[in-house]
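1. give me coordinates for this.
(chains A and B)
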Amino acid sequence: MSDPKDFVAVLDSDARRTPRRIAFITKRTSPQVRVKDEDRVMTYPEVFFRAAVAIEVLAIALVVISLRWNAPLEELANPMHTPNPAKAPWYFLGLQELLHYFPPVVAGVLIPGLVVMALIIIPYFNINVEAEGLWLRNRSRRLRIFGLVVVVFCIFLAVFDVWVALAPTIIVAAFMLLAARTDPQTAQGFQQWLVRKPLSFWIMTWFLVELFVLTAIGTFFRGPGWSWVLPWRA
Amino acid sequence: MANTLDQLVEQVRENRIWRSIFRSGTGASNLHRALFVQQNVFLHLFSVKARKRTVGFSATWYLGALTFGTFLILVITGILLMLYYHPSVPQAYADMKDLQFVVSSGVFLRNLHRWSAHAMVFLVFAHMFKVFYRGAYRPPREFNWVIGVVLLLVTLLLSYTGYLLPWDQLAYWAVTVGSNIASAVPVMGSKIRFLMLGGTAVNANALLRFYVLHCVILPFTATLLVAIHFWRIRKDGGIYAGEPATKGKSE
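-> I've put the predicted structure just below:
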């Protein structure tokens, strides 16, 4: 139980940081001694210097980009002439892609509202804070619930023809199944990593993949009338 | 030479006028380094010391600092752009053309503002996902996460309101698409849209409203929230370092 390594003697010249204490701890009677103090650095200059260098590198990169590529500027705004397609800024194109499948009240109000709500409440759920591996307990019961939710959700997406959102859902669900079928005792490497992931990890990863796929499709693969185009043919 | 320079710097910092402004004096001791941070109204948002594990690149990828960097660039270039911009129709578009052909480095200024804005939106998202995957939202940092989500929304609104200001086809129709979504809100959708645009269509009133939001209301909101966001890092025990180290220091 008690290992000689649990006890650490520290020599430090800084009396403020390390008041002199001598503890004699014998192997059998002692509680574990853990070092709680850890190395600290001064914010000034160490942290500020690193932040300044990072910001400086970013600024140089942005200056180079700005010298090389011009910001878009089209003709004067003309309410009489609607461009086809009329696209929102890139970070809203995931939503605009959803607008293609769902009525505006769902894609434009309900879904973003739910996303913001979900993001805000993340730290207030103990299940997220404890972050226990999803498949480490009650595996068969959780598998049934998971299967039901995924199947219902996939049918819902299929009914509305949202194939672009269905594909990432199936991919993430496949990884979840892989994790569920992994034995945590014998698993190695990637599967070992996967099996310890909590529910919040899976939901957020699904959200990240959907966000990426929908935004990429809206940005690069949508042309006149929101029809499919290939970016290199446009 | 370096020696005399050091002496000169030290003399300046020990000077009565300098001390009256900056309070903390000269010195290379940890006490002076701590005072440098603690005695400064802006820097005192940060803690005096940081855990070594949180300072390296791998812990945060510096995404928060980089986001703040883009914000600084945007404030500076934004103020310069305001000197050349009139929020009226069609003068706004003519100002874009002036930036392009008349103002020295006008194109560069606009490019830097535009690309930095895109970079900021991207970095805010990246920062959020990095914080999530590290589990840094855990108590006692819950509320700082919430402030972060609000800052994400403020960033999106800043970018979106700025999108209209050039008053070209791209700007006009992007904002038309967005404001049509606002009118889909149940019950009060059309009222919200009217409030947002100052009318029933995207026109000169909408441009003025977006300008005020973009240059006054949203930047001040963002600055305030960023200050609280930084201060809460210190109050909540510094940058999240993961599980406390249980292994002893190796000698």
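2. give the buried residues for the helix-or-strand element of chain A with minimal mean pLDDT.
-> Least confident helix or strand of chain A, by mean pLDDT, DSSP states H and E, is helix A:126-130 with a mean of 78. The neighbour-count criterion (16 or more other Cβ atoms under 10 Å in any protein chain shown) identifies A:128-129 as the buried residues of helix A:126-130. All C-beta spots, glycine's among them, are computed from the backbone N, C-alpha and C.
3. tell me which residues are up against the helix or strand that it is followed by.
-> Per DSSP states H and E, the first helix or strand lying C-terminal to helix A:126-130 is helix A:139-159. With Cβ atoms under 8 Å, 6 or more residues apart in numbering or on different chains as the test, helix A:139-159 has contacts from A:134-135, A:163, A:165-166, A:169-170, A:173, A:176, A:180.
4. list the contacts of residue B:3.
-> Contact analysis of residue B:3 by Cβ under 8 Å, 6+ apart lists nothing.
5. oh, that last question was meant for residue B:213, not what I typed.
-> B:157, B:161.
6. now it: how far from residue B:161?
-> 5 Å (Cβ to Cβ, to the nearest Å).
7. residues near residue 115, how many?
-> You didn't say which chain, so I picked chain A. 14 (other Cβ atoms under 10 Å in any protein chain shown).
8. that's the other chain; I wanted chain B
-> 22.
9. once you drop chain neighbours, what's closest to the most centrally placed residue in chain B?
-> Nearest residue to the geometric centre of chain B (Cα atoms, centre = their mean): residue B:71, 3.4 Å. Among residues not flanking residue B:71 along the chain, residue B:120 sits closest, at 6.3 Å (Cβ to Cβ, 6 or more residues apart in numbering or on different chains).
10. how close does that neighbour get to chain A?
-> 10 Å (Cβ to the nearest Cβ, to the nearest Å).
11. ok, how many other residues are close to the residue lying closest to residue B:12 once chain neighbours are set aside?
-> Excluding the flanking residues, the one nearest residue B:12 by Cβ to Cβ, 6+ apart is residue B:18, at 5.8 Å. Using other Cβ under 10 Å, residue B:18 has 14 other residues around it.
12. now residue B:18: which helix or strand?
-> helix B:16-22.
13. for the very next helix or strand once past that helix, which positions count as buried?
-> Counting by DSSP H and E, the element after helix B:16-22 in chain order, helix or strand, is helix B:30-38. Residues B:32-38 are the ones in helix B:30-38 that count as buried (16+ other Cβ under 10 Å).
14. tell me the one of the residues you listed nearest residue A:73?
-> residue B:37 (43.6 Å; Cβ to Cβ).
15. so where is chain A shaky, pLDDT-wise?
-> Segments of chain A classed as low confidence (criterion: pLDDT under 70) are A:1-36, A:234.
16. quick one: the strands in chain A?
-> A:40-42 (DSSP state E).
17. how does it divide into domains?
-> Annotated domains of chain A cover A:1-73, A:90-226 [automatic domain parsing].
18. distance between the ends of the longest one?
-> End-to-end distance for domain A:90-226: 15 Å, by Cα to Cα, to the nearest Å.
19. run the chain-centre distance for that domain.
-> 11 Å (Cα atoms, centre = their mean, to the nearest Å).
20. same thing with stretch B:113-128?
-> 10 Å.
21. burial of residue A:61, as a residue count?
-> 12.
22. what of the one 3 residues further on?
-> Residue A:64 is surrounded by 11 other residues when neighbours are defined as other Cβ under 10 Å.
23. next one: residue B:153
-> 13.
24. among the contacts of helix A:139-159, which ones are in helices?
-> Among the contacts of helix A:139-159, the members found in helices (DSSP state H) are A:163, A:165-166, A:169-170, A:173, A:176, A:180.
25. from these, list the buried ones, please.
-> Neighbour counting over those (16+ other Cβ under 10 Å) leaves A:165-166, A:169, A:173, A:176, A:180 as the buried ones.
26. okay, the residues you listed in TSV with distance to chain B next?
-> Formatted as TSV, those follow (distance: Cβ to the nearest Cβ, whole Å):
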residue	distance to chain B
A:165	18
A:166	23
A:169	19
A:173	20
A:176	17
A:180	21
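27. by mean pLDDT, point me to the weakest helix or strand of chain B.
-> helix B:2-14 (a mean of 84).
28. next, the buried residues of it.
-> Buried residues in helix B:2-14 (16+ other Cβ under 10 Å): none.
29. run the chain-centre distance for that helix.
-> 35 Å.
30. re earlier: surely the residue nearest to residue B:12 is in contact with residue B:11?
-> No - with contact defined as Cβ atoms under 8 Å, residue B:18 does not reach residue B:11; the gap is 9.3 Å.
31. so where is chain B shaky, pLDDT-wise?
-> B:1, B:243-251.
32. quick one: the strands in it?
-> B:49-51.
33. return the most buried member of the domains of chain A.
-> domain A:90-226 (a mean of 16; mean count of other Cβ atoms under 10 Å in any protein chain shown).
34. if we can go back for a sec, give the contact list for the residue nearest to residue B:71.
-> Residue B:120 touches B:67, B:70-71, B:74, B:155, B:159, counting by Cβ under 8 Å, 6+ apart.
35. which of those residues are buried, as a PyMOL select command?
-> Applying 16+ other Cβ under 10 Å to these, the buried members can be selected in PyMOL as follows:
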select buried, chain B and resi 67+70+71+74+155+159
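36. any chance of the contacts of residue B:120 in CSV, plus distance to residue A:140?
-> Formatted as CSV, those follow (distance: Cβ to Cβ, whole Å):
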residue, distance to residue A:140
B:67, 44
B:70, 48
B:71, 49
B:74, 53
B:155, 44
B:159, 47
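37. in helices only, show me the contacts of residue B:120.
-> Per DSSP H, the subset of the contacts of residue B:120 in helices is B:67, B:70-71, B:74, B:155, B:159.
38. for these, which one is nearest residue A:68?
-> residue B:70 (17.8 Å).
39. for residue B:17, see how far away residue A:216 is.
-> 57 Å.
40. to clarify, my last question referred to residue B:228.
-> For residue B:228, the distance to residue B:17 - Cβ to Cβ - is 33 Å.
41. so the two - more neighbours on which side?
-> Neighbour count, other Cβ under 10 Å: between residue B:228 and residue B:17, residue B:228 has more, with 16 against 8.
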